[in-house]
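Chemist: could you work out the structure for the sequence below:
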Amino acid sequence: MCVASTPQPPPPGRLTRRGVLAAAAALAGTTAVPAAAASASAASASAASASAASAAAAPDSAPGGADLVVEGGRLLDPATGEVTEDAVVVITGGLVRAAGPRNRLGGKVPAGVRVLRAHGQWILPGLVDAHIHLNTAAEARDAVRKGATSARSGSTSFYQDIAVRELARTAPELAPRLRAAGIFVTPDLGDTLLADPDLAPLARLRGGVRSAEALRRVVEVNLARGADTIKTRVNERAGLPEQDPLAQVYDHEQLSAIVAAARRGGKGVLCHSYSEKGCHDAVTAGIRSLEHGAFVGERTLYDMRRRGTYFTPTLTAIAGLAESSDPILAERGRTYLPVLQRAVLAAHELGVPLAAGTDSSGGTVDPIGREVELMRAAGLSALDALRTATTGAARLLGLDGSVGRLVRGYAGDLLVVDGDPLADVGVLTRPAHVVRAGITVRQA
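Modeler: Numbers count the residues shown, from 1 in each chain. Here you go, the predicted structure:
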């Protein structure tokens, strides 16, 4: 069944900046966004799109950044593995102005600027959570406090992530720098049909969102509402005992239609997956990153390396299933986790790019440091595990020129930890200090 008897025009972009964005802000519990959305609604849809594109290209230039000097600790650069003793990091207006040993900075340390002393501690860039569901302002704030200064949304039900992204641009201490995914492209939208009037024609579809036209429609609504990426699925969920995570819900042709619609808007696709065939269909359809992917096969990993497809295994979420009080979920977690750990190590050894993501949702935010810890447990070196949440994840999000390192011109986002992360990555789960755009958001 088609979306409608006649072709539907593309959804108007103006609704993003007024009604939908304001509603998303209300659902997310933010207050800064609606006023901005109302003022922006006076601009044309094309101007709004251009503004969003500009902000996405320079996410670290958002207003609200502060000046800060962090001094005295050991500075770790994940890109090179270099450790600088007695380091100083100078942040001005939310950006790194200088970073290096104290004896080389000379007069670059400004007078009268607030100082965070990190003697005996380690300094490293803020971490990136490449798969997280942020539905409220409280969750966004919690993610930052636990070390995720940048993130990619794994979708929300009512565009709350769009509002959280805007909150992060105006009040960076309250939310991670965010790549928003909008709503999930899935066969059964459920109450998400109420997220946007342009989804209403899908309500009467027999069998749900499955035709090429319906799939394209959901992608187009997401793009018109300002999504930075598109989230879809190939398998059912592992976290619901009544579902079979190996059951496939979209085939290669349907996934290809989603990817094509996203590419027309200049966006990539992240795909929820579990089964071997599902993973292969998703990768060969052209997705940007494979999420979960417990049973990904060797042939698919080779395809991923050739295509540059990222693997975001969300080990934290799978490990969490093993601790469930539901016996089905607990058994599923115990079975899937070692399989997924082997897949992670095989991917790493083949050269498949990895990104850390917690898949936090439902009001509970797991520290992104826990995902790094599980990457290490899967067999990666401590430095390579750290890279999955810094330089690697930054490349996936298109932020590799501004996030993941502490060098001149990069975002003034950092963690201070009480221990050597190259000896024990577990210190990342309990940062002593978290700084977002020069603003201290967590302090021991």
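
Chemist: now for this protein, the helix or strand with the poorest mean pLDDT.
Modeler: helix 32-40 (a mean of 39; mean pLDDT, DSSP states H and E).

Chemist: make sure residue 406 is indeed in a helix.
Modeler: No: counting by DSSP: H, G, I helix; E, B strand; the rest coil, residue 406 is not part of a helix but coil.

Chemist: that one contacts residue 98, doesn't it?
Modeler: No: counting by CB atoms under 8 Å, residue 406 stays clear of residue 98, with 9.9 Å between them. No exception for glycine: its C-beta is placed from N, CA and C like everyone else's.

Chemist: show me which of those two is the more surrounded one.
Modeler: Higher neighbour count among residue 406 and residue 98: residue 406, with 27 against 19, using other CB atoms under 10 Å.

Chemist: longest helix anywhere in this structure?
Modeler: In the chain, taking DSSP state H as the definition, the longest helix is helix 327-350.

Chemist: got the angle between the following helix or strand past that one and helix 327-350?
Modeler: Scanning forward in sequence from helix 327-350 by DSSP states H and E, the next helix or strand is helix 368-377. Calculated by axes from the mean of the first three to the mean of the last three CA atoms, to 10 degrees, helix 368-377 forms an angle of 70 degrees with helix 327-350.

Chemist: alpha carbons only: can I get the following helix or strand past helix 368-377 in CSV?
Modeler: Next in sequence after helix 368-377, counting helices and strands by DSSP H and E, comes helix 382-387. Output of helix 382-387 as CSV, limited to C-alpha atoms (Å, rounded to 0.1, in the frame of the first residue of the first chain):
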residue,chain,number,x,y,z
ALA,A,382,44.2,0.6,26.1
LEU,A,383,45.1,3.2,23.6
ASP,A,384,43.1,1.7,20.8
ALA,A,385,40.1,1.3,23.1
LEU,A,386,40.4,5.0,24.1
ARG,A,387,40.5,5.9,20.4
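
Chemist: what's next to helix 382-387, contact-wise?
Modeler: Residues outside helix 382-387 that contact it (CB atoms under 8 Å, 6 or more residues apart in numbering) are 76, 78-79, 81, 124, 348, 372-373, 375-376, 421-425, 428.

Chemist: next helix or strand past that helix?
Modeler: Using DSSP H and E, the helix or strand that follows helix 382-387 in sequence is helix 391-396.

Chemist: quick one: average pLDDT of that following helix?
Modeler: Averaging the model's pLDDT scores along helix 391-396 yields 98.

Chemist: again with stretch 251-264
Modeler: Rounded mean pLDDT across stretch 251-264 is 98.

Chemist: ok, back up a step: distance from the longest helix of the chain to the middle of the chain?
Modeler: Distance, stretch centre to chain centre, for helix 327-350: 21 Å (CA atoms, centre = their mean, to the nearest Å).

Chemist: what sits against the residue nearest to residue 139 when sequence neighbours are not counted?
Modeler: In this structure, residue 139 finds its nearest non-sequential neighbour in residue 365, 5.6 Å apart by CB to CB, 6 or more residues apart in numbering. Shown in contact with residue 365 (CB under 8 Å, 6+ apart): 132, 139, 142-143, 146, 358.

Chemist: count of neighbours near residue 251?
Modeler: 14.

Chemist: can you mark which positions in stretch 71-87 are buried?
Modeler: Judged by neighbour count (16 or more other CB atoms under 10 Å), stretch 71-87 contains these buried residues: 71-78, 84, 87.

Chemist: check which helix or strand covers the residue nearest the centre of the chain.
Modeler: Closest to where the C-alpha atoms of the chain average out (CA atoms, centre = their mean) is residue 152, at 1.6 Å. Assigned by DSSP H and E, residue 152 belongs to strand 148-153.

Chemist: what lines up beside that strand in the sheet?
Modeler: strand 127-132 (parallel), strand 177-179 (parallel) (DSSP bridges).

Chemist: distance from the shortest one to the middle of the chain?
Modeler: The reference is to strand 177-179. The answer for strand 177-179 is 7 Å, by CA atoms, centre = their mean.

Chemist: any chance you could list what contacts it?
Modeler: 56, 59-60, 62, 134, 140, 149-153, 161, 164-165, 168, 228-229, 397-399, 403, 411, 413.

Chemist: so which of the residues you listed belong to helices?
Modeler: 56, 140, 161, 164-165, 168.

Chemist: who wins on neighbours among those?
Modeler: residue 161 leads the ones in helices among the contacts of strand 177-179 on contacts (other CB under 10 Å) with 33 neighbours.

Chemist: pretty sure that residue is touching residue 183, no?
Modeler: No: the criterion here is CB under 8 Å, and residue 161 misses it with residue 183 at 9.3 Å.

Chemist: common neighbours of these two, please.
Modeler: Shared contacts of residue 161 and residue 183, defined by CB under 8 Å, 6+ apart, comprise residue 155.

Chemist: which stretch of helix or strand covers residue 441?
Modeler: strand 439-443.

Chemist: residues near residue 96, how many?
Modeler: As a burial measure, residue 96 scores 23 neighbours (other CB under 10 Å).

Chemist: which residues touch it?
Modeler: 89-90, 406-412.

Chemist: if we ignore the residues flanking it in sequence, what's nearest it?
Modeler: Spatial nearest neighbour of residue 96, chain neighbours left out: residue 410 (4.9 Å); criterion: CB to CB, 6+ apart.

Chemist: next, count neighbours for the one you found.
Modeler: Here the number of neighbours of residue 410 (other CB under 10 Å) works out to 23.

Chemist: go through the strands paired with strand 148-153 and pick out the most buried.
Modeler: Neighbour counts (mean count of other CB atoms under 10 Å) averaged over each of those peak at strand 127-132, with a mean of 32.

Chemist: with just CA atoms, put it into PDB.
Modeler: C-alpha atoms of strand 127-132 as PDB (Å, rounded to 0.1, in the frame of the first residue of the first chain):
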ATOM      1  CA  LEU A 127      34.800  11.400  25.200                       C
ATOM      2  CA  VAL A 128      32.300  10.700  22.300                       C
ATOM      3  CA  ASP A 129      29.300   8.400  22.800                       C
ATOM      4  CA  ALA A 130      28.400   7.400  19.200                       C
ATOM      5  CA  HIS A 131      25.100   5.800  20.100                       C
ATOM      6  CA  ILE A 132      22.900   7.200  22.900                       C
END
